[in-house]
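A.B. asks: Could you work out the structure for the sequence below:
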Amino acid sequence: MKRVQDEKPERSKEVKAWMDEEIDAQQARYDAISAEMEGIQEKRNGWIARFLEIIQTKGYNTNGDMRRAITKDEVPERPDRPDADKVVW
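C.D. replies: Next up is the predicted model:
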């Protein structure tokens, strides 16, 4: 059985050129964001450590003025891989 969604129309040269430009622009934006995130990795590690300290000592508000501290057992371990903190994919 022939299905309509299986047929793809040909792209014009103009559309192909536009798509190539867009892909290049998106790659450049991705590279810039990725480089910036890698540049502040040490700061981010500090932010994460501080956050984990706060939720284990002060806790967080559950309802009104009721607080709950997270136990050390509840804190997930950081994965042991280079892209564990990667934000952009």
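A.B. asks: which stretches of the protein have low pLDDT?
C.D. replies: Low-confidence segments of the chain, defined by pLDDT under 70: 88-89.
A.B. asks: Quick one: the strands in it, in order.
C.D. replies: Using DSSP state E, the strands of the chain run over 60-63, 66-68.
A.B. asks: so which of the ones you listed comes closest to residue 49?
C.D. replies: Proximity to residue 49 (C-beta to C-beta) singles out strand 60-63 among those, at 16.5 Å. (Glycine included, C-beta is placed from N, CA and C.)
A.B. asks: what lines up beside that closest one in the sheet?
C.D. replies: strand 66-68 (antiparallel) (DSSP bridges).
A.B. asks: Any buried residues in the partner strand, and which?
C.D. replies: In terms of neighbour count (16 or more other C-beta atoms under 10 Å), strand 66-68 has no buried residues at all.
A.B. asks: What lies in contact with that strand?
C.D. replies: 58, 59, 60, 61, 62 (C-beta atoms under 8 Å, 6 or more residues apart in numbering).
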